[in-house]
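*Asks:* can't give you the sequence, but here's the structure:
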């Protein structure tokens, strides 16, 4: 994902869109419910809960790395 795509991705999350993406061949899902945002891996029960999409993007991790650090490797 290039920076322009990442900015669009963030914009869609701001509108509470639910999005899926891939990292190293694994599918992940971002969803929202009652003021919370969730980062989940599709293949198993792995999930992280955050107080909104901004916190998810700031603190959410995959394999110990923050999403903001690995976004160039995400496939959307």
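*Replies:* Looks like it arrived, so ask away. What you see is a predicted model; the values in this text were computed from it and never measured.

*Asks:* need the helices for this structure, in chain order.
*Replies:* 3-14, 53-59, 67-70 (DSSP state H).

*Asks:* out of the ones you listed, which one sits most buried?
*Replies:* helix 53-59 (a mean of 17; mean count of other C-beta atoms under 10 Å). Yep, even glycine has a C-beta here, placed from its N, CA and C like the rest.

*Asks:* sorry, back to before: mean pLDDT added to the helices of the chain, as JSON lines?
*Replies:* JSON lines is the format used below for the helices of the chain (pLDDT from 0 to 100):
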{"stretch": "helix 3-14", "mean pLDDT": "90"}
{"stretch": "helix 53-59", "mean pLDDT": "93"}
{"stretch": "helix 67-70", "mean pLDDT": "90"}
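
*Asks:* in TSV, list these along with distance to residue 39.
*Replies:* Output for the helices of the chain, formatted as TSV (distance: least, C-beta to C-beta, whole Å):
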stretch	distance to residue 39
helix 3-14	11
helix 53-59	6
helix 67-70	8
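
*Asks:* out of those, which gets nearest to residue 24?
*Replies:* The closest of the helices of the chain to residue 24 is helix 67-70. By C-beta to C-beta, the value is 9.3 Å.

*Asks:* report all helices and strands that the closest one contacts.
*Replies:* The contact analysis (3 or more C-beta pairs under 8 Å, 6 or more residues apart in numbering; DSSP states H and E) places helix 67-70 against helix 53-59.

*Asks:* and the pLDDT for the residue lying farthest from the centre of the chain?
*Replies:* Distance from the C-alpha centroid of the chain peaks at residue 34, with 17.3 Å (C-alpha atoms, centre = their mean). At residue 34, the pLDDT value in this model is 90.

*Asks:* quick one: it from residue 10, how far?
*Replies:* According to C-beta to C-beta, to the nearest Å, residue 34 and residue 10 sit 21 Å apart.

*Asks:* ok, the most centrally placed residue in the chain - contacts?
*Replies:* The residue lying closest to the centre of the chain (C-alpha atoms, centre = their mean) is residue 30, at 5.0 Å. Contact analysis of residue 30 by C-beta atoms under 8 Å, 6 or more residues apart in numbering lists 13, 18, 19, 20, 21, 37, 38, 39, 40, 53, 56.
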